[in-house]
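Participant: this is a predicted model, with the sequence first.
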Amino acid sequence: MTTSPVDLEALSHLLVEFYERLSSWEQEVARDSGLSLPQMHTLEILGHHAPLRMKDLAERLGVTTGTMTVTVDKLERLGLVTRQPHGTDRRSLLVALTPEGERLYQEHHGHHLRLTQELTADLTEAELACLTQTLAKMRAVI
C-alpha cells in the first residue's frame with residue numbers, strides 16, 4: 001500500500017455521507033411526484049437518451065431486463081412512457097416518454113439543476129472546473 005497525504009478513511013466517510021444525503025434528497029423529490037425512485041430514474045434516463053431499447057435502458061440503470069420490463073409496464077399504465085416499433089430492428093421495441101412523462105422528467109431535471117446550483121454556489125470557477133474533472137474521472141472508474 002502506498003502512503004498518501006490524503007486521509008482515505010476521512011475521504012471515504014465524506015463520500016459515503018454525501019451519497020446518503022443525496023440519496024435521501026432524491027427519494028424525497030421522487031416521493032413528491034408520486035413515483036418510486038427506480039421509476040423516476042427511468043424517466044430521467046429516457047429524458048436524456050430516448051428512445052431506447054429495453055435492453056439498453058436496463059443496462060444504463062444497472063438492472064435486469066425483467067426488472068426493467070416491470071418498471072416500464074407500470075410507467076406505461078401511468079401514461080408516462082410508450083413502446084414504439086424500432087425503425088430498423090423488427091424484433092425490438094423502443095421505450096420513449098409521453099408528453100406527460102416529458103413534463104415529469106423536465107420537472108425532476110429542474111430539481112437537479114437547482115440542487116447543483118445550491119451545492120456549487122460558493123465554489124470559485126477553478127474549484128468548479130476541478131470538481132467537474134474529478135467527478136468525470138471518478139464516474140469513469142465505476
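Facilitator: Nice, I can see it.

Participant: wait, a strand at residue 22?
Facilitator: No: Residue 22 sits outside any strand when classified using DSSP: H, G, I helix; E, B strand; the rest coil, being helix.

Participant: tell me which element the residue positioned nearest the centre of the chain is part of?
Facilitator: Per CA atoms, centre = their mean, the C-alpha nearest to the average position across the chain is that of residue 41, at 4.9 Å. Using DSSP states H and E, the element containing residue 41 is helix 37-49.

Participant: now for that helix, which elements pack on it?
Facilitator: Under the contact definition 3 or more CB pairs under 8 Å, 6 or more residues apart in numbering; DSSP states H and E, helix 37-49 sits against helix 8-33, helix 54-61, helix 65-77, strand 81-85, strand 93-97, helix 99-120. All C-beta atoms are positioned from the backbone trio N, CA, C, and that covers glycine.

Participant: helices or strands up against the second one?
Facilitator: Using 3+ CB pairs under 8 Å, 6+ apart as the contact criterion, the secondary-structure elements in contact with helix 54-61 are helix 37-49, helix 65-77, strand 93-97.

Participant: which stretches of the protein have low pLDDT?
Facilitator: The model of the chain has pLDDT under 70 over residues 1-4.
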